[in-house]
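**Student:** structure for the following, please:
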Amino acid sequence: MAFGSALSVEVDSTSARKSRGAFFTPPLLTEYICRWAIRSKTDKVLEPACGEAEFLLAAAHRFEEIGLGRSCLKENLTGLELHAESVIEARKRIVASGVSCNVMKGDYLLSDFEGCFDAVVGNPPYVRFQSLDRAQKEGCRRVSQKSGVEISALSSLWVPFVIQSALSLKSGGRIGLVLPSELLSVNYAAPVRKFLLSSFAEIRLITFEERVFPEVQEEVVLLLAEGYGRGGSNKINWIQCSNARDIDRVSPLDYTPKTSDARWTGLFASEASVCLLESFLNQGEFALLSDWGKVSLGVVTGNNKFFALTDADVARNGLADDVIDLCPPGSSHLRRTSFDSSDLSRLGQLGKRTKLFYPQGGSISKSAESYINEGCASGVEKGYKCRKRSPWWRVPLVKPPDAFVTYMNAFGPNICWNAARVPNLNSCHGLYLRDDVAVVDPSLLAIASFNSVTMFGAELRGRSYGGGLLKLEPREASLLPVPSPELVEEAANELRSVKKYVDAAFEKGDYETAVSVVDAVLSSRTGHASDYVQLGSSAALMRLRRAKRAKKVDS
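**Tutor:** Below you'll find the model as predicted:
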């Protein structure tokens, strides 16, 4: 049985729950949110996507604390749930607990609850937009139209739930929601952040260093917003906890975003460090990676096991004339300052997938035709990406980038010069230099970019992912602060001289040493050695916070 679920896996499997974004909330969180949200015996409270009534039961307990019996909540407490089996189970649990309240079956995004409730509490579903059915997408469109808030096709179902929760409130009402930490950092959440700041008089965020959901790696935050429709706010009241047991033990701090739709990842960094980073950029010593060039996704094959081949695969299928060289899947081999033909050859000898199936010319060879038929027999052509193109086996090739940019990292991202001039898969990004970058040896950017300023900027620009990894999408990677072309040109000789030391540190996985070597070179040119130390310490603290999330949480 799933954590918090009374339904057996036969009735409600793990995959079924995941597909509809149903993750059950630990009691410590439901009880805390309901204590905060419910303040009067006359409060009318809604839990949308109520699942098996975890928040409803916590709300009933809260009403009991303030003097309203469980059997008297028919007018106070409402639950709404789309999943039929969960509705049945929620009603059973409520009856068994002696609670009198309404649990209805329905789609919250298609409901008409505007201005009905004093508080909305819950844990919205986490489902990507592309996985939604037609009715759910229509619900998103309706919510966007009513609120005037743009909902991106890249977003998740929690986004319209947050907006709809606000629209369901009376003037002065409150929302208490468990949300993914994407709220703080992703681009598609920018309109939501702006909406919240303009719609609520007070906003509190509670974040956790450790995972608080036993069954998922998604980092969550608690959003507690009050005073709906009574003026906006330009600041956030923030509580940072080790875990769910520490919520009442930590004093809040105030955080003021730079703009109304700015990321809220600055919560985890001191204002002094953020200002220091801005000074590096303002003085021209550092620039954005987009000033060097364009960051783009790599090749999307639709089935790497079929299209990315080892030397043995090529020989076995007679495909020597039907493949091209490829930077293999993954990015661990890019933890270096440059990747050349000898590195490619070495990986090929180790059995890595260094060849891309890519028949060229007007006609294909018999061997390629046979291999394509094998793909058809095993269903490769039916995959989403494959069936969207014609012919399905022709991968849309991208030009080999000038450098690779890693985007899923435990320590932080690095840039690796593409001396082998091979294309890359979408397991790393590609950097294409601008024609007007006036640097004699632009490959030195790969060395120069592994410094404390860039590592701190990465923590601010990226977002924490499953297992504590830092993820950077192309747009986020474009915003990385890296040494400016002018600084790289000035420090060219010193950067060349330390390349072997940086590569040796990479080889050992000693990334702190690599950073300290590059910091020494850059600070010798710019001064401010103590500033590099400060930003390095700030980056390390944020990195430690991500690492703590990888710990298993007790259920």
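
**Student:** residue 489 contacts residue 437, doesn't it?
**Tutor:** No. Residue 489 lies out of contact with residue 437 (C-beta atoms under 8 Å); the separation is 9.9 Å. Where you see a C-beta, it was placed from the backbone N, CA and C, and this is true even at glycine.

**Student:** what is the neighbour count of residue 70?
**Tutor:** 17 (other C-beta atoms under 10 Å).

**Student:** make that residue 60, sorry
**Tutor:** 27.

**Student:** and it, how close does it get to residue 78?
**Tutor:** Distance check for residue 60 against residue 78: by C-beta to C-beta, to the nearest Å, it reads 12 Å.

**Student:** what is in contact with the two at once?
**Tutor:** Common neighbours of residue 60 and residue 78, using C-beta atoms under 8 Å, 6 or more residues apart in numbering, are residue 101.

**Student:** what is the mean pLDDT for the helix ranked longest in the chain?
**Tutor:** In the chain, taking DSSP state H as the definition, the longest helix is helix 529-549. If you average the pLDDT over helix 529-549, you get 88.

**Student:** low pLDDT regions in the stretch 401-550 of the chain?
**Tutor:** 466, 549-550 (pLDDT under 70).

**Student:** which elements pack onto the lengthiest strand in the chain?
**Tutor:** Of all the segments of type strand in the chain, defined by DSSP state E, the longest one is strand 169-180. Contacts defined by 3 or more C-beta pairs under 8 Å, 6 or more residues apart in numbering; DSSP states H and E place strand 169-180 against helix 27-37, strand 117-122, helix 158-167, strand 220-228.

**Student:** buried residues of stretch 38-45, list them for me.
**Tutor:** Using 16 or more other C-beta atoms under 10 Å as the burial criterion, the residues of stretch 38-45 that qualify are 38, 43-45.

**Student:** check those and tell me the two furthest apart.
**Tutor:** 38 and 44 (10.0 Å; C-beta to C-beta).

**Student:** hey, what's in contact with both of the two?
**Tutor:** Shared contacts of residue 38 and residue 44, counting by C-beta under 8 Å, 6+ apart, come down to residue 119.

**Student:** so where do the helices sit in the stretch 451-555 of the chain?
**Tutor:** 452-461, 474-478, 485-490, 492-508, 511-526, 529-549 (DSSP state H, counting those that start in this stretch).

**Student:** can I get those helices in CSV including mean neighbour count and distance to residue 347?
**Tutor:** Converted to CSV, the helices of the stretch 451-555 of the chain look like this (neighbours: other C-beta atoms under 10 Å; distance: least, C-beta to C-beta, whole Å):
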stretch, mean neighbour count, distance to residue 347
helix 452-461, 26, 26
helix 474-478, 20, 24
helix 485-490, 19, 28
helix 492-508, 15, 15
helix 511-526, 19, 21
helix 529-549, 18, 28
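
**Student:** to residue 432, which of the ones you listed lies closest?
**Tutor:** Closest approach to residue 432 among the helices of the stretch 451-555 of the chain is made by helix 474-478 (11.1 Å; C-beta to C-beta).

**Student:** pLDDT below threshold where in this protein?
**Tutor:** Using pLDDT under 70, the chain drops low at 1-24, 213-218, 466, 549-555.

**Student:** how about a cut-off of 50?
**Tutor:** 1-5, 7-13, 16-17, 19-22, 553-555 (pLDDT under 50).

**Student:** tell me the contacts of residue 495?
**Tutor:** 444, 447-448, 488, 518, 521.

**Student:** domain assignment for this structure?
**Tutor:** As assigned by automatic domain parsing, the chain contains the domains 14-268, 269-298+398-555, 305-324+344-395.

**Student:** do you know which of those lies nearest residue 337?
**Tutor:** Closest approach to residue 337 among the domains of the chain is made by domain 269-298+398-555 (4.4 Å; C-beta to C-beta).

**Student:** centre of the chain versus the closest one, how much separation?
**Tutor:** In terms of C-alpha atoms, centre = their mean, to the nearest Å, the gap separating the centre of domain 269-298+398-555 from the centre of its chain is 19 Å.

**Student:** then stretch 187-195?
**Tutor:** Worked out by C-alpha atoms, centre = their mean, stretch 187-195 lies 14 Å from the chain centre.

**Student:** list the buried ones in that stretch?
**Tutor:** So, applying 16+ other C-beta under 10 Å, buried residues of stretch 187-195: 188-195.

**Student:** which residues of the stretch 251-400 of the chain fall in strands?
**Tutor:** 253-255, 286-288, 293-296, 308-309, 323-325, 338-339, 355-357 (DSSP state E, counting those that start in this stretch).

**Student:** right, and those strands - which one's nearest residue 274?
**Tutor:** strand 253-255 (10.4 Å).

**Student:** still on that earlier bit, let me have the domains of the chain in a markdown table, extended by distance to residue 336.
**Tutor:** Output for these, formatted as a markdown table (distance: least, C-beta to C-beta, whole Å):
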| stretch | distance to residue 336 |
| --- | --- |
| domain 14-268 | 28 |
| domain 269-298+398-555 | 5 |
| domain 305-324+344-395 | 12 |
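
**Student:** nearest to residue 338, of those domains?
**Tutor:** domain 269-298+398-555 (4.1 Å).

**Student:** any idea what residue 77 is bridged to?
**Tutor:** Taking DSSP bridges, one obtains residue 45 as the residues bridged to residue 77.

**Student:** contacting residues for it?
**Tutor:** Contacts of residue 77 by C-beta under 8 Å, 6+ apart are 45, 47, 56, 59-60, 63, 99, 101-102.

**Student:** what do you get for residue 99?
**Tutor:** 56-57, 60, 70-71, 73, 77.

**Student:** narrow these to those in helices?
**Tutor:** 56-57, 60.

**Student:** sorry, back to before: in helices only, show me the buried residues of stretch 187-195.
**Tutor:** Using DSSP H, these in helices are 190-195.

**Student:** buried sites along stretch 234-245?
**Tutor:** Per 16+ other C-beta under 10 Å, stretch 234-245 contains these buried residues: 236, 238-241, 243-244.

**Student:** quick one: the helices in the stretch 201-350 of the chain?
**Tutor:** 271-282, 289-292, 304-307, 311-317, 341-349.

**Student:** switch the ones you listed over to CSV; also include mean neighbour count and distance to residue 112.
**Tutor:** Shown next, in CSV, are the helices of the stretch 201-350 of the chain (neighbours: other C-beta under 10 Å; distance: least, C-beta to C-beta, whole Å):
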stretch, mean neighbour count, distance to residue 112
helix 271-282, 16, 43
helix 289-292, 21, 44
helix 304-307, 18, 46
helix 311-317, 15, 58
helix 341-349, 15, 59
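
**Student:** among the ones you listed, which is nearest residue 405?
**Tutor:** helix 289-292 (7.8 Å).

**Student:** and for that closest one, what are the contacting residues?
**Tutor:** 295, 405, 431, 433-434, 437, 442, 445, 449, 477-482, 484-485.

**Student:** could you give me the ChimeraX syntax to select whichever of those are buried?
**Tutor:** Per 16+ other C-beta under 10 Å, the buried members of those correspond to this ChimeraX selection:
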select :295,405,431,433,442,445,449,477,478,479,480,481,482,484,485
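
**Student:** so of the contacts of helix 289-292, which ones are in strands?
**Tutor:** Per DSSP E, the subset of the contacts of helix 289-292 in strands is 295, 405, 431, 433, 481-482.
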